[in-house]
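A.B. asks: test case, fold it:
(2 chains)
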2 protein chains.
Amino acid sequence: MQVFNDVKEMQNWCLNKKRQGQKIGLVPTMGYLHAGHLSLVKEAGRHCDIVVVSIFVNPTQFGPNEDFDSYPRDVESDRKKLAEEKVDAIFAPSARDMYREGYNSWVELKGEITSKLCGGSREGHFRGVTTVVSKLFNICQPDKAFFGQKDAQQAMIIEKMVQELNFPITIVRVPIVREADGLALSSRNVYLDEEQRRQALVLSRSLQKARQLAEDGERNVSRLKQEIRKMIEAATQANIDYVEIYDAEDLGDVEEIRGSVLIALAVKFGNTRLIDNLIVEV
Amino acid sequence: MQVFNDVKEMQNWCLNKKRQGQKIGLVPTMGYLHAGHLSLVKEAGRHCDIVVVSIFVNPTQFGPNEDFDSYPRDVESDRKKLAEEKVDAIFAPSARDMYREGYNSWVELKGEITSKLCGGSREGHFRGVTTVVSKLFNICQPDKAFFGQKDAQQAMIIEKMVQELNFPITIVRVPIVREADGLALSSRNVYLDEEQRRQALVLSRSLQKARQLAEDGERNVSRLKQEIRKMIEAATQANIDYVEIYDAEDLGDVEEIRGSVLIALAVKFGNTRLIDNLIVEV
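C.D. replies: Numbers count the residues shown, from 1 in each chain, chains lettered A, B, ... in the order given. Sure, this is the predicted structure:
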C-alpha cells in the first residue's frame, strides 16, 4: 500500500494504472476511519482492480462556524486500518496543494437538491463537496467511486453531478453501518459525552418508528414528521436542525408516503451535529 | 472520419481509444469553421494520435439578448472542411442531449479573471463556457485541448480551470489567424455589411498602433488606451464595448506597460460584436 501526499504524483500513478487497463475504485473520505468507511473500502475491493482511499478534511465544505479545526484526525491509525484491507494507495494531500493561492474554480449544483436538508443549514457545504469530489475524480481517475448512504443527500448530488457533467464514473452507494444499538457510525460520534451518546439513539429509533408507522398504513407526511419530532424532543439534550421527508430520487416535496421516500434527520447534541436517514418504499 | 451525435457513443469511442494507448486532441468549436479553427485542427494533428473536433453552439454561454438563435451554422460545410484535415471524429451533440431536463450542474471560476473584459459585458458567459468545456473534457477524454488566442480571456480561464480542477489535460493556445488586411477571423464576421467590414479594420490597426507606441517607449496605460479609443471612435459605425490593458497572466490591473500585457478590445458594428487582442511584451 502506497501513500501519496502530492497531487501530481497521485495523478500520474493513477493515469499509469489506467493505461495498464486496471479498473480504479475511489473511496473519498475525511479520515478518522470507522467500520462505515471500511465497508466502502471492502465494496471497492469487490468491484475494482485497484483501490484508492483519499483522506482529506476538505476545508471548503465547512462553514466559518463549523468544526473544521476540531474535526477528528488520526492519519497513522487510518493507515493501519487500511493496511489490513485490500487498498493499493492512500491519497492524503495537503490543503495547500489542493487549493493553491488564488484558488477560485468551483463546481456547483443549483436547485432543491442542494438547497434542502443539509444545504439549508450548511451554506456552501455542497459546493465544497462537489468541487473537491470533482478534483478527486480528475486526480484519481476512478471507474467507480463509493459513497455511503449515511450522507444520502451527498450521494444523490454526486450522482446528479456525475451524470450532468458526464464523468465516465459509476457511483456505488453503500448502506449505513450502525453500532449494535442502532447509532449510525460517524467520525463525529467521538465528540459525544456518555449521556449524549445514550440520547443520540433517538435518531435511529425515531426513524425505525416512522418506518413502522408507514408499514402499518400511515401515509400522511406531516403526521409522520410530527411523530419523529415528538420522540426526538423527548431527549433533553437534542436540538433538532431538521426532520424532513422527501422524494428519494430528487428531494421533491411529498405530501404522502408513496413510492420511495427519504426520511432524513439532523439533530444537535451540544455542539455535535448528527445526521441519519432511512429510505421507505411503499 | 466518424460523426457522433450521441454523448454516450462519443464517450465510449474516446474511452476505447484511450485504452488502446492513443493520445486524443480535442478542438472545441461552435462550428461555422474558418481558417482560424482549421489552424487549431492542424495543430492538434501535429500533437496527437487522434483528433476530435466538437461542433456545438452552446446555449448556456449566450445571454438572453445575444445571438444564439442567429449564430451562423452550417454543419455540412463544416464536415467537408474537416474531411480534408487529419480529423478522426466530429462530435456534434444536440443541446437536449448535453443539457437534459432539470440540468443544474455548473462549473464556475470566480474573481477578476471572469468578471473583467467579456465577463463584464456578457453575464454568465464564462460559466457557460467552463461548464460546457468541462463536459467536453469528460466526454472526449483529451490529453491535449486546443484553444485560439483570439479568445484570450477564454483560454486563460480554461487554463486556470484545468490547473485548479486537476484535469489531466494540456491546454495548447494557437495564435490568431487574420485576413490579409488584418481582420481577425471570426464566425461572426459574416454578419458585417461591406461598410462595417471595411471599418472593422480599425480593431487590428489600433492594436498595431498601440504596439508601435509601446515599442517606441510609451509606458502609460491610460494614454495607450486613449490612443486606441481615439482611432476606433473615428470609425463612424464603431461602438466600443471595452478597450482594456491588463496583465497577460491573470488579468490583474496594470498602470504601466511592463512584462507581458494583454491589450483587448470589444467593439460593436451594428449588432455585431467583434473582439480582438494583442499581447505586448516589453
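A.B. asks: what helices or strands is the helix or strand bottoming out on mean pLDDT in chain A leaning on?
C.D. replies: None of the helices or strands of chain A scores lower by mean pLDDT, DSSP states H and E than helix A:118-121, at a mean of 93. Under the contact criterion of 3 or more C-beta pairs under 8 Å, 6 or more residues apart in numbering or on different chains; DSSP states H and E, helix A:118-121 touches helix A:125-140, helix A:152-164, strand A:238-247. (Glycine included, C-beta is placed from N, CA and C.)
A.B. asks: need the winner for burial among those.
C.D. replies: helix A:125-140 (a mean of 24; mean count of other C-beta atoms under 10 Å in any protein chain shown).
A.B. asks: that one to helix A:152-164, inter-axis angle?
C.D. replies: Here helix A:125-140 runs at an angle of 50 degrees relative to helix A:152-164 (axes from the mean of the first three to the mean of the last three C-alpha atoms, to 10 degrees).
A.B. asks: CA atoms only for helix A:125-140, dumped as CSV, please.
C.D. replies: Presented in CSV, the C-alpha positions along helix A:125-140 are these (Å, rounded to 0.1, in the frame of the first residue of the first chain):
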residue,chain,number,x,y,z
HIS,A,125,-21.3,22.9,2.1
PHE,A,126,-22.3,21.1,-1.0
ARG,A,127,-20.3,23.5,-3.3
GLY,A,128,-17.3,22.4,-1.3
VAL,A,129,-18.2,18.8,-1.7
THR,A,130,-18.9,18.8,-5.4
THR,A,131,-15.7,20.8,-6.0
VAL,A,132,-13.4,18.5,-4.0
VAL,A,133,-15.1,15.4,-5.4
SER,A,134,-14.6,16.7,-9.0
LYS,A,135,-10.9,17.3,-8.2
LEU,A,136,-10.5,13.8,-6.7
PHE,A,137,-12.2,12.3,-9.8
ASN,A,138,-9.8,14.2,-12.0
ILE,A,139,-6.8,13.2,-9.9
CYS,A,140,-7.6,9.6,-9.2
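A.B. asks: is any residue of it near chain B?
C.D. replies: Yes. Helix A:125-140 reaches chain B (C-beta under 8 Å from any C-beta of the partner chain) through A:130-131, A:134-135, A:138-139.
A.B. asks: does anything pack onto that helix? Which helices or strands?
C.D. replies: Secondary-structure packing of helix A:125-140 (3+ C-beta pairs under 8 Å, 6+ apart): helix A:7-19, strand A:24-29, strand A:50-55, strand A:89-91, strand A:105-109, helix A:118-121, helix A:152-164.
A.B. asks: mean pLDDT lowest where, among these?
C.D. replies: Ranked by mean pLDDT, these end with helix A:118-121 in last place, scoring a mean of 93.
A.B. asks: buried residues in that one?
C.D. replies: Residues A:118-119 are the ones in helix A:118-121 that count as buried (16 or more other C-beta atoms under 10 Å in any protein chain shown).
A.B. asks: contacting residues around that helix?
C.D. replies: Contact with helix A:118-121 is made by A:113, A:125-126, A:153-154, A:241-242, A:266, A:275, as judged by C-beta atoms under 8 Å, 6 or more residues apart in numbering or on different chains.
A.B. asks: could you rerun that using 7 Å?
C.D. replies: Contact with helix A:118-121 is made by A:125-126, A:153, A:241-242, A:266, A:275, as judged by C-beta atoms under 7 Å, 6 or more residues apart in numbering or on different chains.
A.B. asks: chain center to it, what's the gap?
C.D. replies: Taking C-alpha atoms, centre = their mean, to the nearest Å, one finds the center of helix A:118-121 at 14 Å from the center of the full chain.
A.B. asks: re the thing from before, for the contacts of helix A:118-121, which one is nearest chain B?
C.D. replies: Comparing these against chain B with C-beta to the nearest C-beta picks out A:Phe126 as the nearest, at 11.4 Å.
A.B. asks: what sits up against stretch A:205-218?
C.D. replies: A:182, A:224, A:227-228, A:231-232, A:257, A:263, A:265, A:276, A:278, A:280, A:282.
A.B. asks: neighbours of the residue nearest to A:Thr236 when sequence neighbours are not counted, how many?
C.D. replies: Nearest non-adjacent residue to A:Thr236, counting by C-beta to C-beta, 6 or more residues apart in numbering or on different chains: A:Gln199, 7.1 Å away. Burial of A:Gln199 is recorded as 19 neighbouring residues (other C-beta atoms under 10 Å in any protein chain shown).
A.B. asks: so A:Gln199 sits against A:Ala238, correct?
C.D. replies: Yes. A:Gln199 is in contact with A:Ala238 according to C-beta atoms under 7 Å; the separation is 6.2 Å.
A.B. asks: quick check: neighbours shared by those two?
C.D. replies: A:Phe269.
A.B. asks: so what's the residue of the stretch 1-150 of chain A found nearest chain B up against?
C.D. replies: Here the residue of the stretch 1-150 of chain A nearest chain B is A:Ser105; by C-beta to the nearest C-beta that distance is 3.7 Å. Contacts of A:Ser105 were listed using C-beta under 7 Å, 6+ apart, and they are B:109, B:160-161, B:164-165.
A.B. asks: likewise A:Asp241?
C.D. replies: So A:Asp241 contacts A:121, A:266-268, A:273 (C-beta under 7 Å, 6+ apart).
A.B. asks: returning to that earlier point: wait, which of the helices and strands packed on helix A:125-140 is closest to B:Ala89?
C.D. replies: Smallest distance to B:Ala89 across the helices and strands packed on helix A:125-140 (C-beta to C-beta): 20.6 Å, for helix A:7-19.
A.B. asks: who are the packing partners of the closest one?
C.D. replies: Judged by 3 or more C-beta pairs under 7 Å, 6 or more residues apart in numbering or on different chains; DSSP states H and E, helix A:7-19 is in contact with strand A:24-29, helix A:125-140.
A.B. asks: you'd agree A:Arg178 is up against A:Ala184?
C.D. replies: Yes. Counting by C-beta under 7 Å, A:Arg178 does reach A:Ala184; the two are 5.5 Å apart.
A.B. asks: who has more neighbours, those two?
C.D. replies: Taking neighbours as other C-beta under 10 Å, A:Arg178 and A:Ala184 compare with A:Ala184 leading, 23 against 15.
A.B. asks: make sure that one is actually in contact with A:Asp151.
C.D. replies: No. Judged on C-beta under 7 Å, A:Ala184 makes no contact with A:Asp151 at a distance of 10.2 Å.
A.B. asks: which residue lies nearest the spatial centre of chain A?
C.D. replies: Closest residue to the average C-alpha location of chain A: A:Asp151 at 3.4 Å, with C-alpha atoms, centre = their mean.
A.B. asks: where's the residue nearest to that residue when sequence neighbours are not counted, which helix or strand?
C.D. replies: In space, and not counting its chain neighbours, A:Asp151 is closest to A:Ile275: 7.3 Å by C-beta to C-beta, 6+ apart. Following DSSP states H and E, one finds A:Ile275 within strand A:272-281.
A.B. asks: same thing with A:Arg73?
C.D. replies: Secondary structure assignment for A:Arg73, by DSSP H and E: no helix or strand.
A.B. asks: what does it show for phi and psi?
C.D. replies: Backbone torsions of A:Arg73, given as degrees, to the nearest 10, read phi -140, psi 140.
A.B. asks: and if you look at A:Glu194?
C.D. replies: Residue torsions, per degrees, to the nearest 10, at A:Glu194 are phi -60, psi -40.
A.B. asks: now A:Pro142. Nearest residue, chain neighbours left out?
C.D. replies: In space, and not counting its chain neighbours, A:Pro142 is closest to A:Leu26: 3.6 Å by C-beta to C-beta, 6+ apart.
A.B. asks: can you pull the contacts of the one you found?
C.D. replies: A:Leu26 neighbours (C-beta under 7 Å, 6+ apart): A:52, A:54, A:136, A:140, A:142, A:145.
A.B. asks: how deep is the second one tucked in, by neighbour count?
C.D. replies: For A:Ser54, the count of nearby residues is 25 (other C-beta under 10 Å).
A.B. asks: what about it, distance to A:Asn166?
C.D. replies: Between A:Ser54 and A:Asn166 the distance is 22 Å, computed by C-beta to C-beta, to the nearest Å.
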